[in-house]
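Engineer: okay, sequence plus prediction incoming.
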Amino acid sequence: MMIENKTPGKSEGQTFSITNRYVELKVISDHHFRKQTHQEHEALAAAGELNEYRLQRRIKGELERIAPDRLFRWCFQSHCLPLSVMVSGVAGVGKTTLVQKFIFDWATGKHYQKFAFVFFFKFREVNEQKMSLESLICQTYPHLRDKLPRVLEDPEKLLFIFDGLDESKTDLKLRRGGSHELCMNPGDVKPVTVIVASLLKQTLLKGCSVLLTSRPSKLTSLEPGVFHRVASIVGFLSKERERYFSMFFGDERVSREAFAYVRDSQVLYTLCYNPSYCWITCTALKPCFIARAGRPQPAPKTVTQLFRMRDTLISVGWLAEYGITDRTLVFQPHHLQVANVVFSPFLTGFLVENPQAEGSSQVTYSFLHLTIQEFFAALVHYLDYKEDKFRDTMAKVRSCKEGDYEIFSCFLAGLSHPATRMPLEKYVGQLKFSAEATHKVIGWLSKTNYEELQSREDPEGKRRLMNILNLLFESRNSQLVRDVVGKDAHMDFSELYLMPVDCTVLAYVLSCCEEIQRLTLDSCFIQNEGLERLRPELHKVRELR
Ligand SMILES: Nc1ncnc2c1ncn2[C@@H]1O[C@H](COP(=O)(O)OP(=O)(O)O)[C@@H](O)[C@H]1O
Ligand SMILES: [Mg+2]
């Protein structure tokens with residue numbers, strides 16, 4: 001449980017101890033999370049890099065930095081010793097890892113010895129199940145079965161952790177009444193989300209502590225005041241990124257070379273505020289920087305090997321795509337069967353067997369990380385284009401809530417660019433990426449209703465506009481950008497916090513256009529880094545505000 005995900009690649013099969021890889025994350029306590037919009041959270045997430053101004057302002061005001069070992073300490077904002085704590089952060093920012101470290105430190109006696117028992121559950125694993133708290137505990141911790149009544153006797157000594165609310169298929173039922181009455185006894189059989197709500201509301205095991213993690217998008221639908229403390233993970237600031245590289249590569253010289261390489265790439269470097277991108281970047285760079293020492297992974301040599309890999313990629317791709325559209329992250333053996341996926345060593349680079357719960361005979365599988373699943377889901381549309389599938393999925397993408405399908409769409413757009421997919425082509429054999437898929441994706445991008453978005457003045461509208469520009473950026477298709485943005489474009493981003501990565505996108509869009517009528521960057525808190533990216537293209541703007 002205390003180990004990091006496996007890194008992709010067969011030779012990387014080992015796991016790492018959390019003590020060798022863990023880099024302290026920046027976490028801020030944020031009592032007023034409900035007032036924040038999704039984009040503000042995103043901006044906060046990148047705040048380390050850029051929004052120093054805003055961050056400092058807010059730290060002085062309602063935000064305080066909080067070390068993870070203080071999550072259950074006295075909270076000045078709510079004037080209480082918190083019992084219910086929410087840790088929020090965007091995908092891959094390190095919520096699960098932080099919780100694992102929290103448990104590791106508790107287990108090794110570093111903090112919170114007031115808890116005699118810490119129970120850890122993942123929403124994705126307890127989804128859709130109706131059971132009692134007792135059976136939930138026994139399922140994961142069978143050795144407690146006989147002692148359970150005694151264990152639960154003193155709720156103040158108990159901490160319940162539920163990881164990944166965003167990965168739950170059902171929402172928390174916090175309100176009283178309705179069809180979901182909260183439960184009172186550990187033996188009451190209810191949907192897991194009701195049990196969690198009851199623990200939070202203290203109708204069950206009054207006095208126990210509860211820690212939840214979630215992506216920020218799920219928070220806005222929660223009732224205010226349920227959590228005594230809300231902490232947002234900001235991710236890695238520059239120093240932590242460097243430290244991560246050094247821990248990852250071990251070798252001082254190699255890590256310095258790799259870090260310098262990433263620093264040079266604007267997009268890669270800014271994305272590395274997110275630990276999972278750090279991890280993916282380091283893993284992808286590893287063979288390039290230490291190829292001299294080891295042997296490169298054997299590439300397929302015969303046509304048959306190539307084709308076998310291609311078939312495997314396609315079946316895994318459909319599995320991933322089914323999961324993305326159906327919100328399934330944990331796959332049962334029958335899912336694999338239906339998708340024609342045969343679990344093989346080749347697959348362990350991206351699909352992993354989950355550790356089996358004691359007493360359960362059922363093996364389950366999931367992708368190494370959600371981003372990897374989204375990548376495969378996008379890739380399969382190119383490798384095995386099916387008109388009806390594509391149409392259905394795109395209908396879902398068009399009608400989804402903000403945040404859903406965002407990464408999938410990025411990959412879909414990105415793979416339409418020949419140079420981006422070239423390195424992949426050697427793995428998919430002679431059968432090329434479908435031209436039809438490329439055509440359809442470009443069609444989808446060009447049909448975005450740019451006019452309408454341009455005229456919207458609400459923050460969501462502006463953020464959506466930025467997201468669409470981001471897709472255009474991914475597609476690297478300057479003709480497409482010109483067609484979509486049009487000749488007399490007005491772009492108003494006022495009061496939207498623009499991160500350096502947004503500025504890079506905007507600069508790209510400007511570079512594709514001959515002229516932009518008006519660009520409003522008022523109160524966007526653009527920092528030097530962002531400004532430097534924009535500067536070479538600003539002469540294209542007729543009216544800059
Ligand atoms: N504090 C950290 N130190 C080192 N690596 C981290 C840290 N946090 C996250 N990571 C890396 O990022 C990956 C994704 O993190 P994870 O905790 O799964 O994110 P989340 O739960 O927020 O989606 C981890 O597998 C790990 O490789
Ligand atoms: Mg997680």
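Structural biologist: Here it is on my side, so go on. Numbers count the residues shown, from 1 in each chain. Ligands and ions are numbered 1, 2, ... in the order given.
Engineer: the residue nearest to Glu457 when sequence neighbours are not counted: neighbouring residues, count only.
Structural biologist: Using Cβ to Cβ, 6 or more residues apart in numbering and skipping the chain neighbours, the partner closest in space to Glu457 is Asp492 (7.1 Å). For glycine as for every other residue, the C-beta is placed from the backbone atoms N, C-alpha and C. Asp492 has 19 neighbours, counted by other Cβ atoms under 10 Å.
Engineer: do you know how far Asp492 is from Leu544?
Structural biologist: 12 Å (Cβ to Cβ, to the nearest Å).
Engineer: tell me which element the residue in the chain that ligand 2 sits nearest to is part of?
Structural biologist: The nearest approach of the chain to ligand 2 comes at Thr96, 3.3 Å away (Cβ to the ion). Thr96 is part of helix 95-107 when elements are defined by DSSP states H and E.
Engineer: show me which residues of that helix are buried.
Structural biologist: Lys95, Thr96, Thr97, Leu98, Val99, Gln100, Lys101, Phe102, Ile103, Phe104, Asp105, Trp106 (16 or more other Cβ atoms under 10 Å).
Engineer: you'd agree Val352 is in a helix?
Structural biologist: No: using DSSP: H, G, I helix; E, B strand; the rest coil, the secondary structure at Val352 is strand, not a helix.
Engineer: what separation do you get for it and Leu368?
Structural biologist: Val352 is 6 Å from Leu368, by Cβ to Cβ.
Engineer: roughly how far does the residue nearest to Glu457 sit from ligand 1?
Structural biologist: 32 Å (Cβ to the nearest ligand atom, to the nearest Å).
Engineer: again with Arg518
Structural biologist: Taking Cβ to the nearest ligand atom, one finds Arg518 at 38 Å from ligand 1.
Engineer: same deal with Gly225?
Structural biologist: 24 Å.
Engineer: so that residue is in which element?
Structural biologist: Here Gly225 is assigned to no helix or strand, by DSSP H and E.
Engineer: excluding its backbone neighbours, what's nearest Glu387?
Structural biologist: Glu436 (7.8 Å).
Engineer: what average pLDDT does the helix or strand the one you found falls within get?
Structural biologist: Glu436 is part of helix 435-446, with elements assigned from DSSP H and E. Throughout helix 435-446, pLDDT has a mean value of 93.
Engineer: can I get it as CSV, trimmed to CA atoms?
Structural biologist: C-alpha atoms of helix 435-446 as CSV (Å, rounded to 0.1, in the frame of the first residue of the first chain):
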residue,chain,number,x,y,z
ALA,A,435,-7.0,9.3,-42.3
GLU,A,436,-10.8,9.3,-41.7
ALA,A,437,-10.2,9.8,-38.0
THR,A,438,-7.8,12.6,-38.6
HIS,A,439,-10.3,14.2,-40.9
LYS,A,440,-13.2,13.8,-38.4
VAL,A,441,-11.2,15.2,-35.5
ILE,A,442,-10.2,18.2,-37.5
GLY,A,443,-13.8,18.6,-38.5
TRP,A,444,-14.8,18.5,-34.9
LEU,A,445,-12.3,21.1,-33.9
SER,A,446,-13.2,23.4,-36.8
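Engineer: identify the residues contacting it?
Structural biologist: Outside helix 435-446, the residues that touch it by Cβ atoms under 8 Å, 6 or more residues apart in numbering are 381-382, 385, 387, 390, 394, 412-413, 415-416, 471-472, 475, 477, 480, 483-484.
Engineer: just stretch 119-128 next, same as before
Structural biologist: 1, 96, 99, 103, 136-137, 140-141, 158-170, 191-192, 329-330, 354, 364, 366.
Engineer: whichever of the residues you listed end up buried, select them in PyMOL.
Structural biologist: Per 16+ other Cβ under 10 Å, the buried members of the contacts of stretch 119-128 correspond to this PyMOL selection:
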select buried, resi 96+99+103+136+137+140+141+158+159+160+161+162+163+164+165+166+167+168+191+192+329+330+364+366
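Engineer: out of the contacts of stretch 119-128, which are inside strands?
Structural biologist: Residues of the contacts of stretch 119-128 located in strands (DSSP state E): Leu158, Leu159, Phe160, Ile161, Phe162, Asp163, Pro191, Ser366.
Engineer: check contacts around the first one.
Structural biologist: The neighbourhood of Leu158, defined by Cβ under 8 Å, 6+ apart, consists of Phe115, Ala116, Phe117, Val118, Phe119, Val151, Leu152, Leu205, Cys208, Ser209.
Engineer: Throw the residues you listed into JSON lines and include pLDDT and distance to Glu514, thanks.
Structural biologist: JSON lines is the format used below for those (pLDDT from 0 to 100; distance: Cβ to Cβ, whole Å):
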{"residue": "Phe115", "pLDDT": "96", "distance to Glu514": "63"}
{"residue": "Ala116", "pLDDT": "96", "distance to Glu514": "69"}
{"residue": "Phe117", "pLDDT": "96", "distance to Glu514": "66"}
{"residue": "Val118", "pLDDT": "97", "distance to Glu514": "60"}
{"residue": "Phe119", "pLDDT": "97", "distance to Glu514": "61"}
{"residue": "Val151", "pLDDT": "94", "distance to Glu514": "70"}
{"residue": "Leu152", "pLDDT": "95", "distance to Glu514": "70"}
{"residue": "Leu205", "pLDDT": "96", "distance to Glu514": "66"}
{"residue": "Cys208", "pLDDT": "97", "distance to Glu514": "63"}
{"residue": "Ser209", "pLDDT": "97", "distance to Glu514": "60"}
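Engineer: quick one: buried ones out of the residues you listed?
Structural biologist: Phe115, Val118, Phe119, Val151, Leu152, Leu205, Cys208, Ser209.
Engineer: is any residue of stretch 398-411 near ligand 1?
Structural biologist: No: on the criterion Cβ under 6 Å from any ligand atom, stretch 398-411 is out of touch with ligand 1, staying 11.6 Å away.
Engineer: start to end distance for that stretch?
Structural biologist: 16 Å (Cα to Cα, to the nearest Å).
Engineer: what's the neighbour count on the residue in the stretch 101-250 of the chain that ligand 1 sits nearest to?
Structural biologist: Ligand 1 sits closest to Tyr244 of the stretch 101-250 of the chain, with a gap of 5.8 Å, by Cβ to the nearest ligand atom. For Tyr244, the neighbour count with other Cβ under 10 Å is 22.
Engineer: mind checking what helix or strand follows the host helix or strand of it in sequence?
Structural biologist: For Tyr244, the host element (DSSP H and E) is helix 238-249. For helix 238-249, the following helix or strand on the C-terminal side (DSSP H and E) is helix 252-264.
Engineer: what residues sit buried inside that following helix?
Structural biologist: Val254, Ser255, Glu257, Ala258, Phe259, Tyr261, Val262.
Engineer: chain neighbours aside, what residue packs nearest to the residue of the chain found nearest ligand 1?
Structural biologist: Of all residues in the chain, the one sitting closest to ligand 1 is Gly94 (2.8 Å; Cβ to the nearest ligand atom). Excluding the flanking residues, the one nearest Gly94 by Cβ to Cβ, 6+ apart is Pro275, at 4.6 Å.
Engineer: same question for Arg421.
Structural biologist: Leu415 (5.2 Å).
Engineer: on that earlier part again, mutual contacts of Asp492 and Leu544, please.
Structural biologist: Counting by Cβ under 8 Å, 6+ apart, the contacts common to Asp492 and Leu544 are Arg518, Leu519.
Engineer: how close does the residue positioned nearest the centre of the chain get to Val481?
Structural biologist: The centre of the chain sits closest to Ala91, judged by Cα atoms, centre = their mean, with a distance of 1.5 Å. Taking Cβ to Cβ as the measure, Ala91 falls 27 Å from Val481.
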